[in-house]
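Enquirer: this is a predicted model, with the sequence first.
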Amino acid sequence: MADPKISLASFASIFLGACAAASDGTLHFGWLAATLIGIFAIEIAKNASGEIFDWNSGNDQAVMPEDRSPFSGGKRVLVDKLLTKRQTAGIALAGYAIGGITGLIILLEREPSVLWLGIIGIALAFFYHAPPLKLSYRGMGELAVAASYGPLIGTGTYLVQRGTVSSAIISVAALLGVFIAAFLIINEFPDFHADQAAGKRTLVVLLGRKPASRLFVAIITVAFLLIALLPPLLQFSPAPWLGLIAVVPAFSASKRLLANPETTAQIIPAQANALLTFVLFALGSGVEFLLS
């Protein structure tokens, strides 16, 4: 249920926020651990509640064997009968409770201004799949992911450490959010037919796979241009230029997806490279903060 491959998005954003905080002062590792526990608990809870709503819509059951991928198609704990719905609901409830309690401790003992970030984060996690918002079913899932895994988690981690936020961490975390949203988009390609059948209007369903493959490349390209242009324009330092190392897997993912947007077996390596893109960007940008 934790799905370490997908949880890397949370860890990458926490790492980036922690590195930015370390560049501006001493890290408080106890509060960093609390941040990690709280966010990871919400991550598991989101996965669990999402499994239930995707099961109820028929989304996960509609994924054909030839479209199964290690990176998409849900966690499949209900489809593969690893858990019952009641057990899955229990995991979701426990995860949200642990995340909420951890956030309350941080709020009361460390940083009161984290309240709104916590409320927005939990709401986006739950309503990503759940009615009445059902963000992922209404063409807003990609935006929710960009916001959550970028500025929300990255600046939240920084805020817990420093008690404030900086333009540098907001900007760099937002760029990370764009790369993670691109990872979500490429993960929607293998689920195209299943999402269509379940009425899940992802960007790939709305646009079609070939146009969506071009959108993926455009998003990646714009993100790298922003890495180069934003620091001098906004005059923030350090510039996340070490994050440009991510251009190598990004180019590979883009090339493969453009060539094979409709064949899951061919898309899986592109998914892996899209994951590596946001991980390397977070790593490079985080090191840039530390070096500063």
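Expert: Alright, I've got the coordinates.
Enquirer: got the buried residues for stretch 151-168?
Expert: For stretch 151-168, the neighbour count (16 or more other Cβ atoms under 10 Å) marks 151-162, 165-166, 168 as buried. Yep, even glycine has a C-beta here, placed from its N, CA and C like the rest.
Enquirer: out of these, which sit inside helices?
Expert: 153-162, 168 (DSSP state H).
Enquirer: farthest pair within those?
Expert: Farthest-apart pair in these is Val160 and Ala168; separation 16.8 Å (Cβ to Cβ).
Enquirer: burial of Leu229, as a residue count?
Expert: Residues near Leu229, counting by other Cβ atoms under 10 Å, number 10.
Enquirer: what about it, distance to Gly30?
Expert: Here the criterion is Cβ to Cβ, to the nearest Å. By it, Leu229 lies 38 Å from Gly30.
Enquirer: and if you look at Ile227?
Expert: Ile227 is 33 Å from Gly30, by Cβ to Cβ.
Enquirer: quick check, Leu175 in contact with Leu226.
Expert: Yes - contact criterion Cβ atoms under 8 Å: Leu175 and Leu226 qualify, at 6.1 Å.
Enquirer: out of these two, which sits in the more crowded spot?
Expert: Higher neighbour count among Leu175 and Leu226: Leu175, with 25 against 16, using other Cβ under 10 Å.
Enquirer: now the phi/psi pair for Ala76, please.
Expert: Just so we're on the same page, residue 76 is Arg rather than Ala. Backbone torsions of Arg76, given as degrees, to the nearest 10, read phi 60, psi 20.
Enquirer: in the protein, which spans are strands?
Expert: Remark: no strands are assigned in the chain by DSSP state E.
Enquirer: helices and strands of it: which one bottoms out on pLDDT?
Expert: In the chain, the helix or strand scored least confidently by mean pLDDT, DSSP states H and E is helix 209-234, which has a mean of 92.
Enquirer: quick one: that helix to chain centroid distance?
Expert: 17 Å (Cα atoms, centre = their mean, to the nearest Å).
Enquirer: got the buried residues for it?
Expert: 209, 212-213, 215-217, 219-220, 223-224, 226-227, 230-231.
Enquirer: one more: stretch 266-278?
Expert: Quick answer for stretch 266-278 (16+ other Cβ under 10 Å): 267-268, 270-278.
Enquirer: ok, stretch 244-252 next?
Expert: For stretch 244-252, by 16+ other Cβ under 10 Å, it's 244-247, 249-252.
Enquirer: how close does Ala181 get to Ser166?
Expert: Counting by Cβ to Cβ - Ala181 and Ser166 are separated by 22 Å.
Enquirer: and the gap between the residue nearest to Ser13 when sequence neighbours are not counted and Leu124?
Expert: Of all residues not flanking Ser13 in the chain, Ile153 sits nearest, at 3.8 Å (Cβ to Cβ, 6 or more residues apart in numbering). Noted for Ile153: a distance of 11 Å to Leu124, by Cβ to Cβ.
Enquirer: with Ile219 instead?
Expert: On the measure of Cβ to Cβ, Ile219 and Leu124 end up 20 Å apart.
Enquirer: ok, Leu244 - contacts?
Expert: Contact analysis of Leu244 by Cβ atoms under 8 Å, 6 or more residues apart in numbering lists 224, 227-228, 284.
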